[in-house]
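S.K.: Return a 3D structure for these sequence lines:
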Amino acid sequence: MDTTLNYSPNFEVKKRKLNQIKFIIFHYTGMKKESEAIARLTNIKSNVSSHYLIKNNGEIVVMVPDLYEAWHAGASSWKNFKSLNKNSIGIEISNPGHNFNYKKFSKKQIRSIKKLSKFLIKKYKINPKNILGHSDIAPIRKKDPGEKFPWKYLAEFGIGEWHSLSQKTLVKSRRKKISQVDKKKFYKNLSKIGYSINSSKKTKKDKFFILTVSAFQRRFRQELINGKIDQECLLIGQNLAKKLN
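M.R.: All right, here's what the predicted structure looks like:
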């Protein structure tokens, strides 16, 4: 696999074991210029890094070798895992993000995402259900890689998971209200999928649930991100909870 090197000084010095690597986490850089993103990821004062960066032209840059812990996930959780830096490989993809005219990922980037992911999945025996976005593991803080990330397409190649519901069923259920009982069922399914549903003391409960539902939608219902649970969300949640457990 063709890569270029641009090492970041931001990583844990102690090597980890191969079997500690269980997740791939996708991010977008969220900066106006690609050059600014590279400068930040390689600046010792920034305290952030990733294992790989995929540039606008599809070039794959190695920033931290896999067996060292890069600083990309921050405060995060998924199922029983906390602080996912320890157990993951972080892939940054050049994109200005929601604050700077968020755009579609280029075809060259998507080709490189596929190539790199398949390589890592095979090398570290990573389960497709452990391939996540930053917003999945830190929904209160993050929106990346966002609703333009091609999760459905990638799932066809074993890169991440997707539900098995038809588009017709989904559209028919969109915006249809559900009962309080069904809302509780949805949150239970969110937890089964892997999302944390325990709000921290720092975040108000209502805000926490809106942001967590929005993260779920960015991942699995990309056509409408409104933080509201409708029948479509309920059906997707049920389908995924059954599939992934």
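
S.K.: I'd guessed residue 90 sits against residue 52; true?
M.R.: Yes - judged on CB atoms under 8 Å, residue 90 makes contact with residue 52 at a distance of 7.5 Å. Every C-beta, even on glycine, is put in place using the N, C-alpha and C of the backbone.

S.K.: Can you pick out the residue with more neighbours from the two?
M.R.: residue 90 (26 against 23; other CB atoms under 10 Å).

S.K.: Identify the residue spatially nearest to the more buried one, adjacent ones excluded.
M.R.: residue 72 (3.1 Å; CB to CB, 6 or more residues apart in numbering).

S.K.: if I've got this straight, that neighbour is in a strand?
M.R.: No - under DSSP: H, G, I helix; E, B strand; the rest coil, residue 72 sits outside any strand and is assigned coil.

S.K.: Now do the same contact list for it.
M.R.: 25, 27, 48, 49, 50, 51, 85, 88, 90, 92, 134 (CB atoms under 8 Å, 6 or more residues apart in numbering).

S.K.: Buried among these? Make that a PyMOL selection.
M.R.: To isolate the buried members of these in PyMOL, using 16 or more other CB atoms under 10 Å:
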select buried, resi 25+27+48+49+50+51+85+88+90+92+134
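
S.K.: Generate CSV for the contacts of residue 72, with secondary structure and distance to residue 63 as supplementary columns.
M.R.: As requested, the contacts of residue 72 are exported to CSV (DSSP: H, G, I helix; E, B strand; the rest coil; distance: CB to CB, whole Å):
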residue, secondary structure, distance to residue 63
25, strand, 14
27, strand, 12
48, coil, 10
49, coil, 6
50, coil, 6
51, coil, 6
85, helix, 14
88, strand, 14
90, strand, 9
92, strand, 8
134, helix, 16
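
S.K.: could the contacts of residue 72 be laid out in TSV, adding pLDDT and distance to residue 121?
M.R.: Listed next are the contacts of residue 72 as TSV, based on pLDDT from 0 to 100; distance: CB to CB, whole Å:
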residue	pLDDT	distance to residue 121
25	99	13
27	98	18
48	98	25
49	98	22
50	98	17
51	98	14
85	98	19
88	98	13
90	98	15
92	98	18
134	98	19
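
S.K.: of the contacts of residue 72, closest to residue 205?
M.R.: Nearest to residue 205 among the contacts of residue 72: residue 134, at 22.5 Å, using CB to CB.
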